[in-house]
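*Asks:* Sequence and predicted structure are below.
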Amino acid sequence: MPAPSSFDYAVIRVVPRVERGEFLNAGVIVHCPTRDYLAASVLLDEARLRAWWPGVDGAELREHLEVFPRIAAGEPTAGPIALLPRSERFHWLVAPRSTVVQVSSVHSGLCEDTAPLLEQLMNRFVR
């Protein structure tokens, strides 16, 4: 059995009104360098978001969120950032932003297998 590997993760958040300090978790980014793993997943609860932000353009916001998994996967159609090496993509994805779509602080953990990791974190923080 292989030794546990260290991984880092951050939660993708939608912040409708920064001044109120409220946010809605909308995704997770996971990076495990020793297992050559970088992935992201997003899920936007539009009904909950509309309760806070009735005028939100859900389609536009979804477009902004959906680029995270594409960059993590290194899809060439996701732009020049997606072509960077895996670790550089992770650092770009978790960089602080002052926009409606933000990312939490980076947290770390240990895993024995990366396969269930993204789904487990999505269940814990987003669903």
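*Replies:* Great, that's in hand. Residues are numbered from 1 along each chain as shown.
*Asks:* host element of the closest residue to Ile12 other than its chain neighbours?
*Replies:* Of all residues not flanking Ile12 in the chain, Gly27 sits nearest, at 3.5 Å (CB to CB, 6 or more residues apart in numbering). Glycine gets a C-beta too; all of them are placed from N, C-alpha and C. Counting by DSSP states H and E, the element that carries Gly27 is strand 24-32.
*Asks:* and that strand, which strands flank it?
*Replies:* Using DSSP bridges, strand 24-32 pairs in its sheet with strand 5-14 (antiparallel), strand 37-42 (antiparallel).
*Asks:* Would you tell me which of these gets closest to Val56?
*Replies:* Val56 lies closest, by CB to CB, to one member of these: strand 5-14, at 8.6 Å.
*Asks:* Ala72 is in contact with Gly27, isn't it?
*Replies:* No: with contacts counted by CB atoms under 8 Å, Ala72 stays clear of Gly27, the gap being 10.1 Å.
*Asks:* list residues touching both of these two?
*Replies:* Shared contacts of Ala72 and Gly27 (CB atoms under 8 Å, 6 or more residues apart in numbering): Ala40.
*Asks:* Please list all residues in contact with the spatially closest residue to Ala73 that is not a sequence neighbour.
*Replies:* Closest residue to Ala73 apart from its sequence neighbours, by CB to CB, 6+ apart: Ala39 at 7.1 Å. The contact partners of Ala39, taken as CB under 8 Å, 6+ apart, are Ile29, Val30, Pro69, Ala72, Ala73, Thr114, Leu118.
*Asks:* Much appreciated, bye for now.
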